[in-house]
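Engineer: next comes the sequence, and after it the predicted model I'd like to discuss.
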Amino acid sequence: MKKYIPLILIEGATVMAVELCGAKLLSPLYGGSLFVWAAILAVTLGALAFGYYYGGVLSSRDEPVKKLFNVIVIAAICIALMPFLAAYILPYISYINFKLAVILSASGLIFLPIFFLGCTTPLLVRLNTTRVETAGLISGKVYAISTVGGIVSTLLCGFFLIPTFGLKITLLAFAILLFITTVVILKIFKTTSTIPFVLVLLFSLKTMMGNHDGTVVYNKFGIMGEIEVVELPNGKELVRQLRINRIVQTEMLLRTKRSTSDYIKCVDSIIPQQTLSSNALILGLGGGSLANLIEDKNYKVDAVEFDPRITEAAKKYFYLSSKINCFNEDARAYINHCDNKYDLIIFDLFKAEEQPVHTITAECFKKVSSLLVPNGKMIINWHGYIDSPLGKGTQILLNTLHHSYFTTQLIPGQGGEDHRNTIIVCSSNHKIYSNDNELVNTDDMPVLEFANAKANMRWRSNYLRFYQQRK
């Protein structure tokens, strides 16, 4: 049993690395919504189920060591192909119906590697079982060791490998580690297996280069995924964009150093210049265009951004004012421990179509209310869907704000609901009527994400159409 422990650990670790990286590889096309994670989890479980079954069939046949070697090599090759599939094959699948595209893309990306990794478990049990009486014990040990590997891998990928090296390098590293461990433990080396594996690795490395439009001036992987700063022409102007997972978060004209976003112009029009120095809190820094705008209006600005690499990009490439105090932490965590008082608090937390719904609950808004000075304002940047059925999430947000004793004013941006933002201006009012029968987003019952699902899917579908046209 001791001989196979490293291989069992690496196999379990690789399963979780494939699952995590697979979900993140889908995010440039489909976001990180509930649909994506549901598809990833369902495909993972389905692939493991089929893999366990087929591995059981293989374990009942002759030469289990040879069969174990073959399935692991195939799994390593499939893992090494994932970056290529994500960049060059999945975009074509995204043309079809959104939900079906998500399921097919998740299946095409992770089913085969996880299926073959699942096949290894029954084979490893067979190789370590010498007596019928010990079969149950051996099975328990194999699954336990594999699970420990998965736990370590999940933490390692989430906290270090993916933020430091990125998704593609992380996947290739696991593929190489899996292949080398298999050769060393099983003491099998086949040229017919090694050459295809090496060729696939080189092919994947080659296709990882140059998959960008425009001139990339900054590219790193962070907590939020792939972060890049790209410059590209727009007519006679040169535009600089901050992208997270290939979705534009901030766009600025280099000549004027001003944002091109309509919602920034809308916020500019509703916030007057301050005669006395005031305090503002911005939740969600992005490229810093909004923070700079508020600072120009004589506010002392605190800005909260979850990913330090985004803050780095804002300072280096989007001329973020040195006077702005930046805090790299979760917005809700900052609100929970904050004791400062603010004249203005702005929620600008969109990442593509995703809203971090844990920051827009009744409990969070009540805490925010305590941070506002008398007559202070709270502003929320929201999507353009207001009326039912796509505006169901907006109605729940408004109910939640009213429940938290805020009056609200909606300011829709220019254009149709598919292309605009909505600015929600809120003021504290402890006399406001709250109907307890209305749906409210709370920590205990976070209903907003599900209510927003159709609107988010509509946004993502519109983006995919635009994305494909540009490709």
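Structural biologist: Perfect, thanks for sending it.
Engineer: quick one, strands of the chain?
Structural biologist: Here the chain has its strands, by DSSP state E, at 215-222, 225-234, 237-244, 247-253, 258-259, 278-283, 299-304, 325-327, 342-347, 372-383, 406-412, 421-428.
Engineer: can the ones you listed go into TSV with extra columns for mean pLDDT and mean neighbour count?
Structural biologist: Bear in mind the C-beta positions are built from the backbone N, C-alpha and C, glycine included. Shown next, in TSV, are those (pLDDT from 0 to 100; neighbours: other Cβ atoms under 10 Å):
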stretch	mean pLDDT	mean neighbour count
strand 215-222	83	16
strand 225-234	88	18
strand 237-244	91	20
strand 247-253	90	21
strand 258-259	90	18
strand 278-283	97	24
strand 299-304	97	23
strand 325-327	97	16
strand 342-347	97	22
strand 372-383	94	19
strand 406-412	94	16
strand 421-428	94	20
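Engineer: and of those strands, who's closest to residue 46?
Structural biologist: Closest approach to residue 46 among those (Cβ to Cβ): strand 225-234, 25.1 Å.
Engineer: quick one: low-confidence parts of the stretch 351-471 of the chain?
Structural biologist: The stretch 351-471 of the chain contains residues with pLDDT under 70 at 430-437, 466-471.
Engineer: residue ranges in the stretch 151-300 of the chain under the pLDDT threshold?
Structural biologist: Applying pLDDT under 70 to the stretch 151-300 of the chain picks out residues 209-214, 222-223.
Engineer: could you measure the residue lying closest to residue 394 once chain neighbours are set aside against residue 34, distance?
Structural biologist: The shortest distance from residue 394 to any non-neighbouring residue, by Cβ to Cβ, 6 or more residues apart in numbering, is to residue 386 (5.2 Å). With distances taken as Cβ to Cβ, to the nearest Å, residue 386 is found 22 Å from residue 34.
Engineer: thinking again about what came up before, surely the residue nearest to residue 394 meets residue 417?
Structural biologist: Yes. At 6.9 Å, residue 386 and residue 417 qualify as touching, with contact defined as Cβ atoms under 8 Å.
Engineer: and for residue 18, the neighbour number?
Structural biologist: Counted with other Cβ atoms under 10 Å, residues neighbouring residue 18 total 28.
Engineer: cool, and the one 5 residues further on?
Structural biologist: The number of residues packed near residue 23 is 21, by other Cβ under 10 Å.
Engineer: over to residue 111?
Structural biologist: For residue 111, the neighbour count with other Cβ under 10 Å is 18.
Engineer: gap between it and residue 332?
Structural biologist: Distance of residue 111 to residue 332, given as Cβ to Cβ: 35 Å.
Engineer: same question, residue 284
Structural biologist: Counting by Cβ to Cβ, the gap from residue 284 to residue 332 is 12 Å.
Engineer: got the contact list for residue 104?
Structural biologist: Shown in contact with residue 104 (Cβ atoms under 8 Å, 6 or more residues apart in numbering): 93, 96.
Engineer: tell me the confidence at the residue nearest to residue 9 when sequence neighbours are not counted?
Structural biologist: Take residue 9 and drop its neighbours on the chain: the residue closest to it by Cβ to Cβ, 6+ apart is residue 149, 3.8 Å away. Looking at residue 149, its pLDDT is 96.
Engineer: just use 807 as the starting number from now, easier for me
Structural biologist: Renumbered: residue one is now 807, and that last one reads residue 955.
Engineer: spit out the contact partners of residue 955.
Structural biologist: 814, 815, 816, 817, 818, 819, 822.
Engineer: residue 831 now?
Structural biologist: 888, 889, 892, 896, 915, 973.
Engineer: likewise for residue 1144?
Structural biologist: Contacts of residue 1144 by Cβ under 8 Å, 6+ apart are 1087, 1177.
Engineer: try 7 Å this time
Structural biologist: residue 1177 (Cβ atoms under 7 Å, 6 or more residues apart in numbering).
Engineer: and it, what are its phi and psi?
Structural biologist: Residue 1144 adopts backbone torsions of phi -80, psi 140, taken as degrees, to the nearest 10.
Engineer: residue 1250 now?
Structural biologist: Torsion angles at residue 1250 (phi, psi; degrees, to the nearest 10) stand at phi -80, psi -30.
Engineer: which positions in the longest helix along the chain come out as buried?
Structural biologist: If you go by DSSP state H, the chain has its longest helix at helix 904-934. Buried residues in helix 904-934, counted by 16 or more other Cβ atoms under 10 Å: 907-934.
Engineer: ends of stretch 1057-1072, what's the gap?
Structural biologist: 15 Å (Cα to Cα, to the nearest Å).
Engineer: again, but for stretch 990-1003
Structural biologist: So stretch 990-1003: terminal residues 16 Å apart, Cα to Cα.
Engineer: so what's residue 1054 bridging to?
Structural biologist: residue 1049 (DSSP bridges).
Engineer: what of residue 1105?
Structural biologist: residue 1084.
Engineer: roughly how far apart are it and residue 1069?
Structural biologist: For residue 1105, the distance to residue 1069 - Cβ to Cβ - is 18 Å.
Engineer: ok, for the residue nearest the centre of the chain, nearest residue in space, not its chain neighbours?
Structural biologist: For the chain, the residue sitting closest to the mean C-alpha position, by Cα atoms, centre = their mean, is residue 838 at 4.7 Å. Once flanking residues are discounted, residue 838 sits nearest to residue 1160: 6.0 Å by Cβ to Cβ, 6+ apart.
Engineer: can you check residue 1072 too?
Structural biologist: Residue 1072's closest residue in space is residue 1229 (Cβ to Cβ, 6+ apart), at 5.3 Å.
Engineer: which residues sit in contact with residue 1058?
Structural biologist: The contact partners of residue 1058, taken as Cβ under 7 Å, 6+ apart, are 1046, 1064, 1065, 1066, 1093, 1095, 1124.
Engineer: hang on, the earlier thing: can I get the strands of the chain in TSV with distance to residue 829?
Structural biologist: Shown next, in TSV, are the strands of the chain (distance: least, Cβ to Cβ, whole Å):
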stretch	distance to residue 829
strand 1021-1028	14
strand 1031-1040	10
strand 1043-1050	15
strand 1053-1059	16
strand 1064-1065	31
strand 1084-1089	25
strand 1105-1110	25
strand 1131-1133	27
strand 1148-1153	25
strand 1178-1189	23
strand 1212-1218	33
strand 1227-1234	27
